[in-house]
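>>> Quick one: sequence plus predicted model below, questions after.
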Amino acid sequence: MVADNEILRLARDIVDSKKTVALTGAGMSVESEIAPFRGPGGLWEKYNPEEYGHISTLRNEPEKAWIMLSEMEREILKAKPHKGHYALAELEQLGLLSSIITQNVDGLHRVAGNKEVIEFHGHLQSVSCMDCGHQVPSSAIPLDDIPPRCEKCKGPVKPDAVFFGEAIPYDALTRSNHESRICQLMLVIGTSANVFPAASMPEVAKGAGSKVVEINVSETAFTGRISDYILKGPAGEVLEKTLAKVKELRS
Ligand code: APR
């Protein structure tokens, strides 16, 4: 459990900051019952990411790639935002959160109501044909009949997410770098800081003079090096309490 004085410290930092940006990772969605990638129960315990999540596997062995993708799609299509997602949406509405850079492909920040969301690794909510580009919502593809095929040309389809071996979309990368360079406070929530270039955003922010605060159930490679302090606890609980304290400070 996170102590009240730690929540107060973060709430003060949010109220005092002229520009706050959040970077979120899989830990943000754990309370929405989406498994993280690394650690016990993580997706990568079951599937080797470089194999199942690589773009060349999707091209050359689509059935293999879709074994993992259909599992992810099922999990994500039924997931709902939790109190932490809604707290971030309210912070944006209050003018206290400029944007979220998310590595998550579940789309839950948008569902919760955040408008300024940079989906660094794309999302799994739609798929596009690799031949003709025809796009459909993921809910429209038959996940029991893999690999799915394009309804128009029967070509192979790919979720609109970034695979291993693919570049980060230019727009997401430049916007994220910009937001990181000009923020005064960066909240790093539920990410293990393992995958670059997303993991370099806190370093960019820190290098440009921003305060960096982590919310995570465990310490990461940022802790004690990049982050000024860490609130050790589940994202939902910490963000809900922080929002309540922010509102109290402003009342
Ligand atoms: N609240 C906050 N943090 C949590 C919670 C929780 N309830 N549960 C787990 N965590 C933390 C873990 O301690 C860990 O630091 O979330 C982090 C999850 O780390 P990863 O599973 O490595 O996820 P992420 O950092 O988002 O991975 C980055 O790697 O595999 C690729 O493309 C994939 O976007 C992903 C990227």
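Alright, I've got the coordinates.
>>> can we go C-alpha only for contacts and neighbour counts from here?
Fine.
>>> wait, is residue 100 part of a strand?
Yes - assigned with DSSP: H, G, I helix; E, B strand; the rest coil, residue 100 falls within a strand.
>>> For the lengthiest strand in the chain, list every residue counted as buried.
Secondary structure of the chain read by DSSP state E shows that its longest strand is strand 122-129. Of all the residues in strand 122-129, those buried under the rule 16 or more other Cα atoms under 10 Å are 122, 123, 124, 125, 126, 127, 128, 129.
>>> can you tell me if that strand touches the ligand.
No - figure legend: strand 122-129 not in contact with the ligand (Cα under 6 Å from any ligand atom); closest approach 9.4 Å.
>>> neighbouring strands for that strand, and are they parallel or not?
Next to strand 122-129 in the sheet, as set by DSSP bridges, lie strand 135-137 (antiparallel), strand 157-161 (antiparallel).
>>> Tell me where the stretch 51-200 of the chain has helices.
55-60, 62-78, 83-93, 108-112, 170-182 (DSSP state H, counting those that start in this stretch).
>>> The fourth one - contacts with which helices or strands?
Translated: helix 108-112. helix 83-93 (3 or more Cα pairs under 8 Å, 6 or more residues apart in numbering; DSSP states H and E).
>>> OK, contacts around residue 164?
Neighbour list for residue 164: 49, 50, 53, 54, 55 [criterion: Cα atoms under 8 Å, 6 or more residues apart in numbering].
>>> pLDDT score for it?
Looking at residue 164, its pLDDT is 94.
>>> any idea how far it lies from the ligand?
Distance of residue 164 to the ligand, given as Cα to the nearest ligand atom, to the nearest Å: 8 Å.
>>> Skip the chain neighbours and tell me the closest residue to the residue lying farthest from the centre of the chain.
Distance from the centre of the chain peaks at residue 153, with 32.3 Å (Cα atoms, centre = their mean). Of all residues not flanking residue 153 in the chain, residue 132 sits nearest, at 7.1 Å (Cα to Cα, 6 or more residues apart in numbering).
>>> Look up how far residue 149 lies from that neighbour.
11 Å (Cα to Cα, to the nearest Å).
>>> Tell me the pLDDT of the residue farthest from the centre of the chain.
Looking at residue 153, its pLDDT is 97.
>>> coming back round to it: separate out the buried members of the contacts of residue 164.
In the contacts of residue 164, burial by neighbour count holds for 53, 54, 55, counting by 16+ other Cα under 10 Å.
>>> Among those, which one sits closest to the ligand?
residue 53 (8.7 Å; Cα to the nearest ligand atom).
>>> got the contact list for that closest one?
With Cα under 8 Å, 6+ apart, residue 53 has these contacts: 65, 68, 163, 164.
>>> Those: which two are farthest apart?
Pairwise distances across these peak at 13.7 Å for 68 and 164 (criterion: Cα to Cα).
>>> rewinding a little: is it possible to export the helices of the stretch 51-200 of the chain to JSON lines including distance to the ligand?
Listed next are these as JSON lines, based on distance: least, Cα to the nearest ligand atom, whole Å:
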{"stretch": "helix 55-60", "distance to the ligand": "12"}
{"stretch": "helix 62-78", "distance to the ligand": "12"}
{"stretch": "helix 83-93", "distance to the ligand": "9"}
{"stretch": "helix 108-112", "distance to the ligand": "14"}
{"stretch": "helix 170-182", "distance to the ligand": "14"}
